[in-house]
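S.K.: Generate a structure from the sequence data that follows.
(chains A and B)
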Amino acid sequence: MNAKRVLAVAHKEWREILRDRLFFALAFVVPPALMLIFGYGLSLDVEKVPFAVVDYDRTPLSRDYAYSFIGSRYFDFKGYASNEREIDPLLKDNRIRVAIVIPPGFQKNLRLGRAAHVQSIIDGTIPSRTQTTKGYIAAINGHFGTELLAQHISRLRGLPLEQARERVQPLSLEVRYLYNQSAKSIWSVAPKLIMLIMIFVPPLLTAVSIVREKETGSIYNIYASTVSRGEFLLGKLAPNVLISVANIGVLWLLATQYYGAPFKGDPLFFFLASVLFVICTTGIGLLVSLLVRTQLAAIVLTLVVTMIPALDYSGFLMPVESLAGEGKIIASLLPAIYYTNIVVGSFLKGIGIEVLWGDLLVLAAYTVALFAAAYFLFSKRPRA
Amino acid sequence: MSAQINWNQAAVWWRRLAVMTAKEIRQLLRDPVLLSFMAFIFTVNIYLQGSSVSMQLNRAPMVVQDADHSAASRDLIYRFRPPYFRLDGEVGSSREAIRLLDRGEVMLSLDIPAQFQEALRKGESVSVQLQVDATQPLPGFLASSYAARIVGQFSLESALEREGLTPADLENVPVVIDDQRVRFNPNQKDTWFMPISELMEGITLFAILLPAAAMVREKERGTVEQLLVSPLTPFQIVFPKVIAMTIVILLGMSLSLLTVLGPLFQVPMQGSLPLFYAVTTLYIFTNAGLGLFVATIARNQAQVGLLSLLILAPILLLSGLWTPPEAMPGWMRWATLASPMRHYIDVSYGILLKGAGLDLLWDSVLAIGILGTLIFAFGMRRFRGQFA
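M.R.: Coordinates of the predicted model:
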């Protein structure tokens, strides 16, 4: 290994990147742009669910009941429908996602001290939204029912309403959100976006820059030169790693300063772990470049092994524990989840190497394995 | 006579288009690595994601800190059961609970105070505390929502019991009982939702990337100069690429429908499949227009890769697949209308799950058509400006 030759290759690579001005600009623009786009818009909070009401009862109490939905910020009232047949096309056309059907006799039953049955029809297309919506409906129903029950008990036992309320609702649940007190999506999403972006931008840059040399034939200059394969790989990768490290810094600033996500951990530990992570993902790009011959195939393969699985198997939106059987195995085979643990630990939980050393170790082992594989696969005497 | 010439010209025009399309298809077939990864995305990847990824709360690990150890506290704890919760045992102190939460080994910790049963019996108000790991907002929210339902029900039952009523008497107290009915996916199977959304994401990605890369490769290698000196019009250069890529993507989609979505996941495919194919074709053309636009900016495929992602990101985000459009801020809700994917999603779920037809979906189809025409015209104009 000759440092001078490594530097020469790195210098040539850096020149080449600089001369491709659009590419250079994109290498720095794409990561923060993705962070801004997704950070601003990606929220799984379900609000203002559009709904309609079919009120067969048309009494003051049924209107009250409908109003407990109309007045909620979780629902957006689209109007009354005259019967259930009108509901189906509305659901199919995405005009509403929920319909509440109040049967005749609603008020009569409740006034007589009997239970009243209502029906809610929910669009099940997107299951997580359906679940959330069901929760909202149950909460509103529970609240409405408790109030009626309290009035009933108060009349029955001759108690003041306040006391009756306490008696029908003796137990309450206090929820404390840890690590993210107001349960803000963005606090959790912004740090994880660093993972999601840095898992595919560095390998993409690396893979296309090597495959381009293969595709245009300029790699024959390297084959014919005295540069060894180790020197070539090191020199070729160094500028890409440098760009990615700079990007980590920018993304960190965006997450903490622009989105106001808390950073409770050790900055030095996070920085070093992040450098390791981008070296690791650069290694993925290197391996990809050795497996394909065209840049298009390199782009597609990079997405297949990095971003696509990282969206689902890294705890980005859902915890890895909720994955079914093979999903957990896939997750543990990819580097994303280990860096996610480091990101979440450093930003939200304020834990450092004392807990996260295991994740760091896996990333290091991953990196060594990738580079070893690439070193052995790369040959200066390619088969025709 | 002149009609004869026109007829000949038309025949030549179509022949050129056909020859160029054949060339593009042949070129694609010569990259088996690319084709196999495409096949992977449309089959194995969709299968894996559909079968293992769930956006629902699934056996969230929980520990309890029970300071009461009474029949009532055990009854409450027992209600935190699969499929939503999984009890991982008891801890002795809050410190231990926090340690487990820190390490991510559990997601929830439930604290039941001493004198819990006593307070319930006397009719005093009492509260239990749930600590939720909110580093994942969606499951955190779902967990607290389910927990609230369990605790609410428990609370109501113990109140009724104290009033001398059993839960079976629920019909005889004035409460609202809700019969929930879920339409289109009654069991809320993620294996119906996830694969369709993955399929749509795959189609969108390839519909932008493939035509753009094919175009830029000609620029990169200089073969575009050959095409430009040939009698082909710019349209005849560009459009065959779009046709070829559309055919390949539609084949990928068919592969996906016939091998994964149909036989493995039993997605109902309620509506008309010819309509679904027709709209998908229109949708691919629309995205190909974006690809064409990318191709006029980029000079090499590396740039194509980055630019495509930059265009793909807002399209995905504004599609409403992740963030519900109605929950977006006002201007953004309007911006979703400019994302062709937003309309395509309505059509796809509408046809495949809801069994909707053109009578309901015409507005979405029209929107894709209008966007496609605008985008394609814009891309074509830029391309002409660059080369003609």
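S.K.: In the stretch 1-150 of chain B, which residue sits closest to chain A?
M.R.: Using Cβ to the nearest Cβ, residue B:52 is the residue of the stretch 1-150 of chain B that sits closest to chain A, at 2.8 Å. The C-beta positions use only the backbone N, C-alpha and C, and glycine is treated the same way.
S.K.: The stretch 51-200 of chain B: strands as residue ranges?
M.R.: Assigned by DSSP state E, counting those that start in this stretch, the strands in the stretch 51-200 of chain B fall at B:60-66, B:85-90, B:108-112, B:126-133, B:176-183.
S.K.: Let me see the mean pLDDT of the first one.
M.R.: Averaged over strand B:60-66, pLDDT sits at 92.
S.K.: where in the chain is pLDDT low?
M.R.: Going with chain A. Confidence mapping of chain A against pLDDT under 70 gives the ranges A:44, A:182-183, A:382-384.
S.K.: The chain in question should be chain B.
M.R.: For chain B, the ranges with pLDDT under 70 are B:1-4, B:166-168, B:387-388.
S.K.: hey, which helix is longest across it?
M.R.: Criterion DSSP state H: the longest helix present in chain B is helix B:190-221.
S.K.: Next, report how far it is displaced from the centre of its chain.
M.R.: Relative to its chain's centre, helix B:190-221 lies at 14 Å (Cα atoms, centre = their mean, to the nearest Å).
S.K.: helices or strands up against whichever helix or strand comes after that helix?
M.R.: Where DSSP states H and E defines the elements, the next helix or strand beyond helix B:190-221 is helix B:223-229. With contacts taken as 3 or more Cβ pairs under 8 Å, 6 or more residues apart in numbering or on different chains; DSSP states H and E, helix B:223-229 sits against helix B:190-221, helix B:234-256.
S.K.: Tell me which of the ones you listed is the most buried.
M.R.: helix B:190-221 (a mean of 24; mean count of other Cβ atoms under 10 Å in any protein chain shown).
S.K.: does chain A sit close to that one?
M.R.: Yes. Counting by Cβ under 8 Å from any Cβ of the partner chain, chain A is contacted by helix B:190-221 at B:190, B:193, B:205, B:209-210, B:213-214, B:217, B:220-221.
S.K.: Apart from its chain neighbours, what residue comes closest to residue A:320?
M.R.: residue A:331 (4.7 Å; Cβ to Cβ, 6 or more residues apart in numbering or on different chains).
S.K.: what's near enough to touch the one you found?
M.R.: A:313-315, A:320, A:323, A:337 (Cβ atoms under 8 Å, 6 or more residues apart in numbering or on different chains).
S.K.: My read is that residue B:304 contacts residue B:208, right?
M.R.: No. Using Cβ atoms under 8 Å, residue B:304 is not in contact with residue B:208, being 9.3 Å away.
S.K.: intersection of neighbour lists for those two?
M.R.: residue B:294.
S.K.: chain center to stretch B:102-109: distance?
M.R.: Centre-to-centre, stretch B:102-109 and its host chain are 28 Å apart (Cα atoms, centre = their mean).
S.K.: Walking through chain A, point out its strands one by one.
M.R.: Secondary structure of chain A (DSSP state E): strands at A:49-55, A:75-81, A:98-102, A:116-123, A:171-178.
S.K.: Check which helices and strands the shortest one sits against.
M.R.: Applying 3+ Cβ pairs under 8 Å, 6+ apart, we find strand A:98-102 packed against strand A:49-55, helix A:60-70, helix A:87-92, strand A:116-123, helix A:127-157.
S.K.: and residue B:181, which of these is closest to it?
M.R.: Nearest to residue B:181, of all those, is strand A:116-123, at 5.1 Å by Cβ to Cβ.
S.K.: Could you report the neighbour count for the closest residue in space to residue B:217 that isn't next to it in sequence?
M.R.: In this structure, residue B:217 finds its nearest non-sequential neighbour in residue B:301, 6.4 Å apart by Cβ to Cβ, 6+ apart. The burial count assigned to residue B:301 is 26, neighbours taken as other Cβ atoms under 10 Å in any protein chain shown.
S.K.: Now for residue B:301: which residues touch it?
M.R.: A:208, A:212, A:294-296, A:299, B:213, B:216-217, B:220.
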